[in-house]
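Peer 1: What would the 3D arrangement of this be:
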Amino acid sequence: MAAGEHLSGRPAGTTAADVEAYLARHRQKSLLRFITCGSVDDGKSTLIGRLLYESKMLFEDQLAAVEADSKKYGTQGEAIDFALLVDGLAAEREQGITIDVAYRFFSTDKRKFIVADTPGHEQYTRNMVTGASTADVAVVMVDARKGVLTQTRRHSYLVNLLGIRRIVVAINKMDLVGYAENVFRRIVEDYSAFARQLGIEDVCFIPMSAFKGDNITEPSAAMPWYHGATLMGYLETVEVDESVMQLAPFRLPVQWVNRPNLDFRGFAGTIAGGAIRPGDRVRVQPSGRESTVARIVTRDGDLAQAVAGQSITITLADEIDISRGDVISTVAAPAEIADQFECTIVWMHDEPMFAGRPYLLKIGTRTVSATVTDIKYQVNVNTLEHAAAKTLELNAIGVCNLGLDRAIAFDPYRVNRDTGGFILIDRLTNNTVGAGLLHFALRRAHNIHMQHVDVDKAARAAIKHQKGCVLWLTGLSGAGKSSIGNLVEKRLHALGHHTYLLDGDNVRHGLNKDLGFTDADRVENIRRVAEVAKLMVDAGLIVLTAFISPFRSERRMARNLVEGDEFVEIFVDTPLEVAEQRDVKGLYRKARRGDLKNFTGIDSPYEAPETPEIHIEAARCTVEQAAGQVLDYLTRSGLIESGGRPG
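Peer 2: Numbers count the residues shown, from 1 in each chain. Purely as a prediction, here's the structure:
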């Protein structure tokens, strides 16, 4: 057999028609996505390698390479180490563990498969969640010698959390316990008790040896007491989620408005649930407008019906304003609409998540601004205990309340993973920092609405003959923020302007007296102040804030609460050594001694503004000169006039 030739040994006389027929049969096969997970060294990678080998998805040169690698890296003596077919990273081969999620494709006569080999270590929980997010089935590996371990429970919890309804408990390495039935029965009993605690109903137990090939594709002669399915037999016949979702309510998240010419306007996307036919009444959400489906358009022509999983373009009988991110549902079973939710968040970034910090949230094709308003509790995935938390660290899982800047169409995650799952994105770096699952809309999301008022912001500002705005002074402790802010307010007041100064120390005597100085409390401190400043701008005031406000994300959040020209960031730039020399309150000395924890500039970071409207080099000017610099900017920008009249 030549190098690269398929092990299945395609006959030499194969014709083009034979190839076309083979490809046609291949296209008609259903696709099953599944993951392997479990504790370290339970044999996940070996199992996948065995499946690739048994399904004849290896080429001769690949087999030769893995035989050579087995001698160099392998753990099975002279035998082939099938795990090396999957553990592609050098670090994985050297350590004998899986670090990243490894995806492999293979097929049999009955079905196509995509398998994700997920890491077993706790520090790679985020990788495991990534692999499980699209899976239909989870194969949870259990070492027959060790039984159900803490990591087995943790991965089972995550699998259940992510909505994987079908679980195979692959009790591996039965050859190392003499294929003993009592070992198998004990593990079945232990895992079944845990599964009942989680509410997992669809569990299949299979005793096997991935290394020896027992019960992988053929029933094992070594275990005549087992009469159930082989692993491949189960995977080839289990019902996939896609067929289940075809019976769900219709959902089409709009990905693209297709307008190739003036005579055609269609709405393209992948159906996330249900089925649709021309003539069906649909509702566009969140707007609530209704119409009738005119056509279902695809590259291969119009369809009489489209179902979940298909990518289509639909046209409507009426001209309706629809944009990317809208969801098209049937009138009979529309999605829910809300802007506040309870959800579960899996945190996936080195920098912790804080309640009150703004993020971008992407759900389906819609991206909105989001804030975690409250961390209700953190889940210990090893014990399932609930613990109070102010932050979520890397790989932590918490149940939180979430607030959005606008209402969205959604389904609970347990109903539809596509319209109930989301990711959180850092606004500054654009990194994905978390993944989440919506549980339900909070009651207040439906019961609380913005009340219309006749006297608006413009009217309040007009009667004061000024334009409301925020002058946000930020800098280290001792930089001179309060002194500059106080003098600026005095001069504005003398010019006849209506002002208010929010000072960091003063606010902590009342509104924020319940907050400390941890990073989480600092975030909440600035969130509250920013909301108060927004209300004052709405009242037509020029509001000055003097806060360290050490984090860029919170200052950006404050800026986004008001109109673009209503926020002026003022960086009072004072070197740390100068601020320490001033140290009127003695805070730096306490921080240096270790008596004052989480002090900005010493053991807590300060993120300097990158593009402030006003940059005051406070070590090189007097307070009077700094105040003059602020007033000059306000005059030049038209926020005030030099003679005391408003801009």
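
Peer 1: Can you list the neighbours in contact with stretch 103-112?
Peer 2: Contacts to stretch 103-112, defined as Cβ atoms under 8 Å, 6 or more residues apart in numbering, come from residues 26, 29-32, 48, 51-52, 55, 57, 85-86, 113-117, 131, 232, 235-237. Using the backbone N, CA and C atoms, a C-beta is placed for each residue, glycine as well.

Peer 1: quick one: which of those sit in strands?
Peer 2: Among the contacts of stretch 103-112, the ones falling in strands (DSSP state E) are 30-32, 113-117.

Peer 1: Now do the SS call for the nearest residue to D280 once chain neighbours are set aside.
Peer 2: Spatial nearest neighbour of D280, chain neighbours left out: V293 (4.9 Å); criterion: Cβ to Cβ, 6 or more residues apart in numbering. Following DSSP: H, G, I helix; E, B strand; the rest coil, V293 is assigned to strand.

Peer 1: And V293, how close does it get to L303?
Peer 2: Using Cβ to Cβ, to the nearest Å, one obtains 11 Å as the distance from V293 to L303.

Peer 1: repeat for I548
Peer 2: Using Cβ to Cβ, we find I548 at a distance of 60 Å from L303.

Peer 1: on that earlier part again, take the ones in strands among the contacts of stretch 103-112 and write them to CSV, including pLDDT, distance to M353 and neighbour count.
Peer 2: What follows is the ones in strands among the contacts of stretch 103-112, written out as CSV (pLDDT from 0 to 100; distance: Cβ to Cβ, whole Å; neighbours: other Cβ atoms under 10 Å):
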residue, pLDDT, distance to M353, neighbour count
S30, 83, 38, 13
L31, 87, 34, 14
L32, 89, 34, 23
F113, 88, 35, 24
I114, 88, 30, 17
V115, 85, 31, 26
A116, 82, 25, 24
D117, 77, 28, 28
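
Peer 1: Any idea how far stretch 491-506 is from the middle of the chain?
Peer 2: How far stretch 491-506 lies from its chain's middle: 41 Å, per Cα atoms, centre = their mean, to the nearest Å.

Peer 1: Now do that stretch: distance from first to last residue.
Peer 2: 21 Å (Cα to Cα, to the nearest Å).

Peer 1: Check which residues of that stretch are buried.
Peer 2: Within stretch 491-506, the residues that count as buried by 16 or more other Cβ atoms under 10 Å are 491-492, 495, 497-499, 501-504.

Peer 1: got the residue ranges for the helices in the stretch 1-150 of the chain?
Peer 2: 16-28, 44-54, 60-73, 90-95, 125-132, 150-161 (DSSP state H, counting those that start in this stretch).

Peer 1: Compare the mean pLDDT across those helices and name the weakest.
Peer 2: Mean pLDDT per stretch puts helix 90-95 lowest among those, at a mean of 41.

Peer 1: Who has more neighbours out of V293 and L303?
Peer 2: Ranked by neighbour count (other Cβ atoms under 10 Å), V293 and L303 place V293 first, with 21 against 17.

Peer 1: Name all residues that make contact with that one.
Peer 2: Residues in contact with V293 (Cβ under 8 Å, 6+ apart) are 276-280, 282, 314-317.

Peer 1: Against R126, how distant is it?
Peer 2: Applying Cβ to Cβ, the value for V293 to R126 is 40 Å.

Peer 1: cool, and R299?
Peer 2: Where R126 is concerned, R299 sits at a distance of 36 Å (Cβ to Cβ).

Peer 1: out of the two, which sits in the busier spot?
Peer 2: R126 (19 against 7).

Peer 1: Contact partners for that one?
Peer 2: 346, 348, 394-395, 435.

Peer 1: hmm, 10 Å instead?
Peer 2: Taking Cβ atoms under 10 Å, 6 or more residues apart in numbering, we find R126 in contact with 101, 119, 346-349, 394-395, 432-435.

Peer 1: so where's the stretch 401-550 of the chain uncertain?
Peer 2: 444-452 (pLDDT under 70).

Peer 1: Sketch out the strands for it, chain order is fine.
Peer 2: Read by DSSP state E, counting those that start in this stretch, the stretch 401-550 of the chain holds these strands, from start to end of the chain: 421-425, 432-441, 469-474, 499-503, 542-546.

Peer 1: what's the closest of the ones you listed to H155?
Peer 2: strand 432-441 (15.9 Å; Cβ to Cβ).

Peer 1: Starting from the host helix or strand of G266, tell me which strands it pairs with and how they run.
Peer 2: With secondary structure defined by DSSP states H and E, G266 is part of strand 264-270. Using DSSP bridges, the strands paired with strand 264-270 are strand 256-261 (antiparallel), strand 311-316 (antiparallel).

Peer 1: Quick check: which of the ones you listed is buried the most?
Peer 2: Ranked by mean neighbour count, these are led by strand 311-316 with a mean of 20 (mean count of other Cβ atoms under 10 Å).

Peer 1: just the CA coordinates of that strand, formatted as CSV?
Peer 2: The C-alpha trace of strand 311-316 is given here as CSV (Å, rounded to 0.1, in the frame of the first residue of the first chain):
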residue,chain,number,x,y,z
SER,A,311,-28.9,28.5,6.6
ILE,A,312,-31.6,30.4,4.7
THR,A,313,-32.8,33.8,3.5
ILE,A,314,-36.5,34.6,4.0
THR,A,315,-38.5,37.4,2.5
LEU,A,316,-41.6,38.9,4.1
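
Peer 1: Return the distance of it from the chain's centre.
Peer 2: 28 Å.

Peer 1: cool, stretch 137-150 as well?
Peer 2: For stretch 137-150 - counting by Cα atoms, centre = their mean - the centre lies 27 Å from the chain centre.

Peer 1: got it, and stretch 238-247?
Peer 2: Centroid displacement of stretch 238-247 relative to its chain, using Cα atoms, centre = their mean, is 24 Å.

Peer 1: and if you look at stretch 515-525?
Peer 2: In this view, stretch 515-525 has its centroid 24 Å away from the chain centroid, taken as Cα atoms, centre = their mean.

Peer 1: Can you tell me how far L502 is from I542?
Peer 2: Distance from L502 to I542, by Cβ to Cβ: 12 Å.

Peer 1: mind checking which of the strands paired with strand 264-270 is nearest R357?
Peer 2: Closest among the strands paired with strand 264-270, once you apply Cβ to Cβ, is strand 256-261, at 31.4 Å.

Peer 1: could I have the closest one exported to CSV, CA atoms only?
Peer 2: What follows is strand 256-261, C-alpha atoms only, in CSV (Å, rounded to 0.1, in the frame of the first residue of the first chain):
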residue,chain,number,x,y,z
TRP,A,256,-27.4,39.8,7.5
VAL,A,257,-29.9,41.9,5.6
ASN,A,258,-29.6,40.7,2.0
ARG,A,259,-30.2,43.6,-0.4
PRO,A,260,-28.5,42.8,-3.7
ASN,A,261,-30.8,45.1,-5.7
